[in-house]
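Colleague: coordinates only, sequence not included:
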Ligand SMILES: Nc1ncnc2c1ncn2[C@@H]1O[C@H](COP(=O)(O)OP(=O)(O)OP(=O)(O)O)[C@@H](O)[C@H]1O
């Protein structure tokens, strides 16, 4: 299981924006089981990269391949399988359903392709300190609580790669470390890779490779 980036660059970047980058316009291979940290100052294209890897957008030059298959050639069905079985994501803007409860947001994902039984939802929510929020609509949860909902939701499915786009921006260190620990355990269960893009500040991610975007 491999994600390969070949000479990738957003079409809306000019050549100066790739200077000094260890990702843009490089040839990189990410393998299952690796922990990749991408240090990305604001505006360096962190969300663009995550959206490209997840196949949501394709305004880039160069190629992204998953097991040698070019994402630009994927059909809608290929993407459905990709996002159900192979790649999970925590978006920077979370993308929860505001009118659904915390539990429903997570359960909807779990039902698409269950890696865990339903009991895991309560267990993980309690572990991350949002056990008492399961019946609340997600729109009334604080942003930090919603971040934890998005994290648990991402862990309901199978995956080879877990993409994290600033997942702890509204969490204190203790909550962030707690959530990181859970994600590491879940990645190990699947022998999956984590691709974690953030500002410099997180120092408790045990990365195996580091790139500056
Ligand atoms: N579709 C687009 N068309 C044109 N420019 C874009 C597009 N998407 C993003 N950009 C620009 O590309 C740059 C990088 O945006 P992106 O959201 O990927 O950065 P980021 O590193 O995630 O930023 P932040 O940390 O502030 O969220 C920004 O200057 C943004 O305005």
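Modeller: Structure received. All of these numbers come straight from a predicted model, not from anything done at the bench.
Colleague: unless I'm mixing things up, residue 7 is touching residue 65, no?
Modeller: No. Applying Cβ atoms under 8 Å as the test, residue 7 and residue 65 come out as separate, 11.9 Å apart. Every residue, glycine included, has its C-beta placed from N, CA and C.
Colleague: Quick check: next helix or strand after the top strand by length along the chain?
Modeller: In the chain, assigned by DSSP state E, the strand with the most residues is strand 2-10. Where DSSP states H and E defines the elements, the next helix or strand beyond strand 2-10 is strand 27-31.
Colleague: Contacts for that next one next, please.
Modeller: The list of residues contacting strand 27-31 from outside it, by Cβ atoms under 8 Å, 6 or more residues apart in numbering, reads 1, 2, 3, 4, 5, 6, 7, 36, 161, 193, 195, 211.
Colleague: ranking those residues by neighbours, who comes first?
Modeller: Using other Cβ atoms under 10 Å as the contact criterion, the top neighbour count among these goes to residue 161, which has 26 neighbours.
Colleague: ok now do that one, which residues does it touch?
Modeller: Contacts were defined as Cβ under 8 Å, 6+ apart; by that measure residue 161 touches 1, 3, 30, 32, 53, 86, 87, 88, 192, 193, 194, 195.
Colleague: one more time with 10 Å
Modeller: Applying Cβ atoms under 10 Å, 6 or more residues apart in numbering to residue 161 gives the contacts 1-3, 30-32, 34, 36, 53-54, 66, 82, 86-89, 187, 190, 192-195.
Colleague: Among the contacts of strand 27-31, find me the one that's closest to residue 153.
Modeller: If you rank the contacts of strand 27-31 by distance to residue 153 using Cβ to Cβ, residue 161 comes first, at 16.1 Å.
Colleague: At the contact with the ligand, which residues of this structure appear?
Modeller: Proximity of the chain to the ligand (Cβ under 6 Å from any ligand atom) is limited to residues 12, 40, 42, 43, 44, 45, 46, 47, 48, 59, 92.
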